[in-house]
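**Student:** okay, structure incoming, though there's no sequence with it:
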């Protein structure tokens, strides 16, 4: 633990070449005006809170009104600007809309709450992994054929994040994906020499899920089944390492909250950590990252819960899923504004009925960390860009922070067109040419049937669009970027990534050149299906 967490989280596992494209060599950029209604998007300092309310038995309470809530920031009362009541149990008038992918979700249910179940194979002992699988199956077998919420199943190990099943409302699809995945014996989980790597893998997984799902505005409950962060002696760390670790975890929690992700940590084999201290009025007495940092702290900071030492893991999974559906949404505008990046603004939601417990995010830092430039002072890819391309450029997880559609040129099979929503990019005015311009990084990689990397290429480019017509307040246009990559065998899968360098948002998806059922790739969890 002598390295700072910044170097752990942002260390590049692969190297990429990013070359700035000269203006005269930039690829042709096509634009298309798409019909549709325009909407005004305004950036403001409105704070959005998803609040879960439970009674003393731990049951969700869904019949409260705006008058039952009081919101405080740094112990100062705030005015609730808007209030959305919780969904009443059994209030669904129609059957859930069938969802089979991230694309289905974004197209048909853009605001729906979703569940993301993560099987932790990083710090969890083998016997506990088996119990987690058994408990998840038990939970699923107690549900109907159609799940109430679109659900994604992910497994995380030291090297990879494997999407076992993209968003689906089919219980059978989740069960089948679970049956196809077999976790190996994780000897590193019981070896204290791998603490740094465990910490890095857990961090990277949390950030990857948050960045990948940022384009879906609905509430997301991440149900992490496993130990999460490894155990270590906090008091044995150097002071500068402690500070770097706190800052990294706080930044990770902010990324989760910005993507509207609430973390539920379920560790049936672990020991319970002490809850954060509160005063006699129920206010937190310190910001959550001031002391020991662990997965419990992370879960509480995002408004979730952590569970330990329980054998009813199937019920705990159900609690996390239900809380992800039965929540209130409140908004307020802070009465005071701070420009201090180290200023943590504590949030507390109190209820008129003091026997009830409200869970929401514990606060936020007054100023978000600035987006690093794509290139550093020496002209090399920044650590943040390298990390983003690394985590987005490997597996099957669809990133929808930048909505991305990929088409293949029928006349040139090695040429693909990446269609990007202009509204997901950051635009700046170019006075000399009277155009709007946006900087992005595009990345393409190819893999064979066993997941071996065949080629990787990234390019920094600037795209341009004319200004919006007078009176138009929303940008419904698209940007099309042509990209060439070899598709001849042994290429079997292509991975495309688009990163908006202005706001750090990412879009990523795959193109399969062969039947995906014929692939056998340990990095993605794909296993070839052989005829019986």
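**Tutor:** Ah, there it is. Because the structure is a prediction, the values reported are computed rather than measured.

**Student:** sketch out the low-pLDDT regions of this structure for me.
**Tutor:** 1-44, 88-95, 184-193, 231-234, 270-293, 309-310, 473-474, 530-532 (pLDDT under 70).

**Student:** apply 50 and report the result again.
**Tutor:** Scanning the chain for pLDDT under 50 picks out 1-43, 271-273.

**Student:** break it into its domains for me.
**Tutor:** Listed by automatic domain parsing, the domain ranges of the chain are 5-42+371-518, 44-89+328-369, 96-325.

**Student:** and among those, the most buried is which?
**Tutor:** Each of those was assessed for mean neighbour count using mean count of other C-beta atoms under 10 Å. The highest is domain 96-325, with a mean of 19. All C-beta spots, glycine's among them, are computed from the backbone N, C-alpha and C.

**Student:** can you get me the start-to-end distance on that domain?
**Tutor:** Domain 96-325 stretches 13 Å from its first residue to its last (C-alpha to C-alpha, to the nearest Å).

**Student:** please apply the same query to stretch 337-345.
**Tutor:** End-to-end span of stretch 337-345 (C-alpha to C-alpha): 10 Å.

**Student:** need the residues that contact it.
**Tutor:** Applying C-beta atoms under 8 Å, 6 or more residues apart in numbering, the contact partners of stretch 337-345 are 45, 73-74, 250, 287, 289, 334, 363-367, 369.

**Student:** could I get the phi/psi values of residue 367?
**Tutor:** In this entry, residue 367 is assigned phi and psi values of phi -120, psi 130 (degrees, to the nearest 10).

**Student:** ditto for residue 457
**Tutor:** Its backbone dihedrals place residue 457 at phi -150, psi 140, with angles given as degrees, to the nearest 10.

**Student:** heads up, I number from 294, so please use that
**Tutor:** OK, 294 is where the count begins now, so the last one is residue 750.

**Student:** check which helix or strand the residue located most distally from the centre of the chain maps to.
**Tutor:** The outermost residue of the chain relative to its centre, with distances by C-alpha atoms, centre = their mean, is residue 725 at 38.4 Å. When elements are assigned from DSSP states H and E, residue 725 belongs to no helix and no strand.

**Student:** ditto for the one 5 residues further on
**Tutor:** Under the criterion of DSSP H and E, residue 730 resides in strand 728-740.

**Student:** show me what that strand is packed up against.
**Tutor:** helix 676-685, strand 708-714, strand 721-723, strand 746-758, strand 770-777, strand 786-793 (3 or more C-beta pairs under 8 Å, 6 or more residues apart in numbering; DSSP states H and E).

**Student:** off-centre distance for the fifth one?
**Tutor:** On the basis of C-alpha atoms, centre = their mean, to the nearest Å, strand 770-777 is displaced by 25 Å from the centre of the chain it belongs to.

**Student:** just the angle between that strand and strand 728-740, please?
**Tutor:** Between the axes of strand 770-777 and strand 728-740, defined by axes from the mean of the first three to the mean of the last three C-alpha atoms, to 10 degrees, the angle is 40 degrees.

**Student:** can you list the strands that strand 770-777 pairs with?
**Tutor:** Here strand 770-777 has these sheet partners by DSSP bridges: strand 323-326 (antiparallel), strand 708-714 (antiparallel).

**Student:** run the angle between that strand and strand 746-758 for me.
**Tutor:** The directions of strand 770-777 and strand 746-758 differ by 140 degrees, with the same axes, to 10 degrees as the criterion.

**Student:** re the thing from before, can you add distance to residue 821 and give the domains of the chain back as CSV?
**Tutor:** Rendered in CSV, the data for these read as follows (distance: least, C-beta to C-beta, whole Å):
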stretch, distance to residue 821
domain 298-335+664-811, 6
domain 337-382+621-662, 41
domain 389-618, 11
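
**Student:** which of those sits closest to residue 820?
**Tutor:** Closest of the domains of the chain to residue 820 is domain 389-618, at 5.9 Å (criterion: C-beta to C-beta).

**Student:** list the beta-bridge partners for residue 752.
**Tutor:** Legend: beta-bridge partners of residue 752 under DSSP bridges are residue 312, residue 735.

**Student:** right, and it touches residue 734 too?
**Tutor:** Yes. With the criterion set as C-beta atoms under 8 Å, residue 752 and residue 734 qualify as a contacting pair; they are 7.1 Å apart.

**Student:** coming back round to it: looking at the contacts of stretch 630-638, which are in helices?
**Tutor:** Where the contacts of stretch 630-638 overlap with helices, as defined by DSSP state H, the overlap consists of residue 543.

**Student:** farthest-apart pair in the contacts of stretch 630-638, please.
**Tutor:** Between any two of those, the greatest separation by C-beta to C-beta is 21.8 Å, found for 338 and 582.

**Student:** in the stretch 544-693 of the chain, which spans are helices?
**Tutor:** 588-594, 606-616, 676-685 (DSSP state H, counting those that start in this stretch).

**Student:** was I right about residue 392 contacting residue 399?
**Tutor:** No. Between residue 392 and residue 399 there is no contact, the gap being 9.9 Å when judged by C-beta under 8 Å.

**Student:** who touches both of the two?
**Tutor:** Among the neighbours of residue 392, none is also in contact with residue 399 (C-beta under 8 Å, 6+ apart).

**Student:** got JSON lines for the helices and strands packed on strand 728-740, with distance to residue 817 too?
**Tutor:** What follows is the helices and strands packed on strand 728-740, written out as JSON lines (distance: least, C-beta to C-beta, whole Å):
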{"stretch": "helix 676-685", "distance to residue 817": "13"}
{"stretch": "strand 708-714", "distance to residue 817": "20"}
{"stretch": "strand 721-723", "distance to residue 817": "37"}
{"stretch": "strand 746-758", "distance to residue 817": "12"}
{"stretch": "strand 770-777", "distance to residue 817": "21"}
{"stretch": "strand 786-793", "distance to residue 817": "8"}
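
**Student:** any idea which of those gets closest to residue 464?
**Tutor:** Each of the helices and strands packed on strand 728-740 was scored for nearness to residue 464 using C-beta to C-beta, and the closest is strand 786-793 (27.5 Å).

**Student:** tell me the helix or strand right after that closest one.
**Tutor:** With elements assigned by DSSP H and E, the helix or strand that comes after strand 786-793 is strand 799-805.

**Student:** what pairs with that following strand, and is each one parallel or antiparallel?
**Tutor:** Neighbouring strands of strand 799-805 in its sheet, by DSSP bridges, are strand 692-693 (antiparallel), strand 786-793 (antiparallel).

**Student:** got JSON lines for those strands, with distance to residue 372 too?
**Tutor:** What follows is those, written out as JSON lines (distance: least, C-beta to C-beta, whole Å):
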{"stretch": "strand 692-693", "distance to residue 372": "33"}
{"stretch": "strand 786-793", "distance to residue 372": "34"}
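
**Student:** helices along the stretch 344-493 of the chain, start to end?
**Tutor:** Taking DSSP H, counting those that start in this stretch as the criterion, the stretch 344-493 of the chain contains helices spanning 395-401, 419-434, 464-473, 488-505.

**Student:** nearest to residue 511, out of the ones you listed?
**Tutor:** When those are compared for distance to residue 511 using C-beta to C-beta, the nearest one is helix 395-401, at 8.3 Å.
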